[in-house]
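Undergrad: I would like the atomic coordinates for the input below:
(one chain, ligands or ions: 2)
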Amino acid sequence: MRDPASFAGLIIREKDPENLEFPFSSLNSFVTPNEQFFIRSHFAVPKLNPRSWRLKIEGLVDRPCQIDYNDLLRLPSRSVTTTLECAGNSRIFLTPKVGGLQWGLGAVGNAEWTGVPLAAVLERAGVHAGTVEVVLQGGDAGEIKKEPQSPGKIHYARSLPLEKALRSEVILAYQMNGAQLPMSHGFPVRAVVPGWYGMASVKWLTRIVVTDRVFRGYFQTSDYAYWDQPEGLPIQLLPVAEVEVKAQIARPALHEVVRANSVYRMHGAAWAGESEVTKVEVSTNGGRMWKPAEFLGAASRYAWRLWEYTWHTPSRVGRYTVMARASDARGRVQPMHRDPHRGTYMISHVQPIEVEVQESAPPPPTDRYTI
Ligand SMILES: Nc1nc2c(c(=O)[nH]1)N[C@H]1C(S)=C(S)[C@@H](COP(=O)(O)O)O[C@H]1N2
Ligand SMILES: [Mo]
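TA: Ligands and ions are numbered 1, 2, ... in the order given. Here you go, the predicted model:
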């Protein structure tokens with residue numbers, strides 16, 4: 001029988017293509033089980049057969065080549081545990097409302113991915129001097145119906161600057177949490193780009209193009225871009241890339257009823273892109289006072305850190321606001337307010353969670369279902 005605790009229970013944000021959210025309030029493990037990992041797909045899942053699947057490597061390389069599935073499996077592999085957060089995670093909290101999938105807190109998950117470093121594959125092909133970017137293309141395609149409409153079907157594609165592409169944590173993964181990569185998560189092979197928002201981790205990877213130009217594909221110009229104003233230049237749109245520092249509260253959930261004058265275990269997760277989370281602070285009085293939360297494990301670069309805080313709930317019933325705020329090794333602190341330059345992405349400002357403190361409250365849920 002299936003372990004009842006592995007019941008998926010994902011929230012449907014879109015039925016077709018499948019876009020499913022992890023119910024973040026159920027967070028109870030460092031690694032998110034595959035069945036509960038959120039799914040973000042722009043087009044229908046391409047049916048790729050590992051026997052006929054090929055990864056083409058072309059562009060500015062000495063030896064353009066094709067790698068098949070068995071070739072890839074024979075190359076030296078490595079595993080990396082990384083948090084994958086969609087750049088649109090938490091969008092539902094933005095006011096006024098903005099377009100795009102209305103994700104709550106659960107377009108994020110943490111998994112152990114196993115595969116071949118992208119650098120090894122690039123080395124085999126021999127990258128030319130003067131290379132600027134590496135473009136990763138997925139086997140999925142579709143039409144963009146909103147403006148600017150695409151000229152027919154286009155493939156999902158994203159680029160990485162050569163420097164990031166060569167870093168050892170960037171892998172072409174064929175396993176997720178020790179199991180074969182599931183269909184929805186990019187079977188047979190996907191890129192995993194630790195420290196960057198999810199859109200960089202191209203699923204159903206079929207083609208790599210090495211180029212001496214900056215790639216200007218749809219998913220990094222029209223979509224997944226934000227406003228930036230470097231000194232001395234007019235404001236410009238840049239591709240969304242590195243993950244911001246962020247803490248999220250799993251429990252209490254929004255509008256949860258909490259018992260007055262009791263001991264409540266607040267908990268959640270925090271992550272910091274290419275840096276490391278060094279501190280999570282909690283406020284239970286609307287941001288007037290902040291107290292340190294405790295970590296449940298050591299920092300591991302690219303993976304989230306689970307944290308908890310023992311809240312002695314007020315004796316006076318009423319509505320209270322709880323918040324969590326993370327800091328990282330680079331000195332970044334989660335902002336209290338939204339930066340409008342970020343458009344509809346990179347939603348990392350502190351999220352106030354309103355709860356009801358009442359005389360009696362339902363018992364806290366147990367981790368496992370007992371049926
Ligand atoms: N080929 C392809 N890769 C893709 C996407 C896609 O639609 N097609 N979506 C991207 C986005 S926006 C995110 S957040 C992650 C989600 O990965 P997951 O579905 O495994 O959680 O995949 C990325 N890779
Ligand atoms: Mo995403």
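Undergrad: For residue 265, give its distance to residue 313.
TA: For residue 265, the distance to residue 313 (CB to CB, to the nearest Å) stands at 11 Å. Heads up, the C-betas are built off the backbone N, CA and C, glycines and all.
Undergrad: With neighbour numbers in mind, choose between these two.
TA: residue 313 (21 against 11; other CB atoms under 10 Å).
Undergrad: Can you tell me, leaving aside adjacent residues, what's nearest to residue 61?
TA: Here the nearest residue to residue 61 in space, its sequence neighbours aside, is residue 125; by CB to CB, 6 or more residues apart in numbering that works out to 4.0 Å.
Undergrad: Now do the contacts for the one you found.
TA: Counting by CB atoms under 8 Å, 6 or more residues apart in numbering, residue 125 touches 57, 61, 62, 63, 64, 65, 210.
Undergrad: Could you list which residues are in contact with the third one?
TA: Applying CB under 8 Å, 6+ apart, one finds that residue 62 lies in contact with 125, 126, 128.
Undergrad: now do the first one
TA: The neighbourhood of residue 57, defined by CB under 8 Å, 6+ apart, consists of 64, 65, 66, 67, 121, 122, 124, 125, 207, 208, 210.
Undergrad: where does the chain dip in pLDDT?
TA: 1-8, 363-371 (pLDDT under 70).
Undergrad: tell me, how many neighbours does the nearest residue to residue 235 once chain neighbours are set aside end up with?
TA: The shortest distance from residue 235 to any residue other than its chain neighbours is 4.4 Å, reached at residue 229 (CB to CB, 6+ apart). Residues within reach of residue 229, counting by other CB under 10 Å, total 10.
Undergrad: wait, residue 229 sits on residue 238?
TA: No. Proximity of residue 229 to residue 238 does not meet the contact threshold set by CB atoms under 8 Å, at 10.1 Å.
Undergrad: Give the residues shared as contacts by these two.
TA: Counting by CB under 8 Å, 6+ apart, nothing touches both residue 229 and residue 238.
Undergrad: Need phi/psi at the residue of the stretch 151-300 of the chain found nearest ligand 1.
TA: Nearest residue of the stretch 151-300 of the chain to ligand 1 (CB to the nearest ligand atom) works out as residue 198 at 2.5 Å. When read as degrees, to the nearest 10, the backbone of residue 198 gives phi -50, psi -30.
Undergrad: swap in residue 73?
TA: According to degrees, to the nearest 10, residue 73 has phi -60, psi -20.
Undergrad: Leaving out sequence neighbours, find the closest residue to it.
TA: residue 174 (6.7 Å).
Undergrad: Which positions in the stretch 51-200 of the chain make contact with ligand 2?
TA: Within the stretch 51-200 of the chain, the positions adjacent to ligand 2 are 86, 198, 199 by CB under 5 Å from the ion.
Undergrad: Do I have it right that the second one meets residue 39?
TA: No. Counting by CB under 8 Å, residue 198 does not reach residue 39; the two are 10.4 Å apart.
Undergrad: The residue of the stretch 151-300 of the chain closest to ligand 1 and residue 240: what is the separation?
TA: Using CB to CB, we find residue 198 at a distance of 10 Å from residue 240.
Undergrad: Quick check: neighbours shared by these two?
TA: Contact with both residue 198 and residue 240 is made by residues residue 87, according to CB under 8 Å, 6+ apart.
Undergrad: Closest to the centroid, which residue in this structure?
TA: residue 85 (1.3 Å; CA atoms, centre = their mean).
Undergrad: is that residue in a bridge, and if so with what?
TA: Beta bridges link residue 85 to residue 108, judged by DSSP bridges.
Undergrad: Ignoring the adjacent residues along the chain, who's closest to the residue of the chain at minimum distance from ligand 2?
TA: Residue nearest to ligand 2 within the chain: residue 86 (3.3 Å; CB to the ion). Counting by CB to CB, 6+ apart, residue 86 lies nearest to residue 107, which is 3.8 Å off, once chain neighbours are set aside.
Undergrad: Count the residues that sit near the one you found.
TA: Neighbours of residue 107 under the rule other CB under 10 Å: 28.
Undergrad: can you check the one 10 residues further on too?
TA: The local packing of residue 117 (other CB under 10 Å) involves 21 other residues.
Undergrad: which residues does it contact?
TA: Contact analysis of residue 117 by CB under 8 Å, 6+ apart lists 78, 168, 170, 171, 172.
Undergrad: wait, doesn't the fourth one sit right on residue 113?
TA: Same thing as residue 171. Yes. Counting by CB under 8 Å, residue 171 does reach residue 113; the two are 6.3 Å apart.
Undergrad: longest helix in the chain, by residue count?
TA: Looking across the chain with DSSP state H, the single longest helix is helix 118-125.
Undergrad: Pretty sure the residue nearest to the centre of the chain sits against residue 107.
TA: Yes. Checked against CB under 8 Å, the pair residue 85 and residue 107 is within contact range at 6.8 Å.
Undergrad: Mutual contacts of these two, please.
TA: In contact with both residue 85 and residue 107: residue 198, using CB under 8 Å, 6+ apart.
Undergrad: Show me which residues of the stretch 101-250 of the chain are close to ligand 1?
TA: Residues of the stretch 101-250 of the chain lying near ligand 1 by CB under 6 Å from any ligand atom: 138, 140, 156, 185, 198, 199, 201, 202, 203, 204.
Undergrad: element containing the second one, please.
TA: It refers to residue 140. strand 133-143 (DSSP states H and E).
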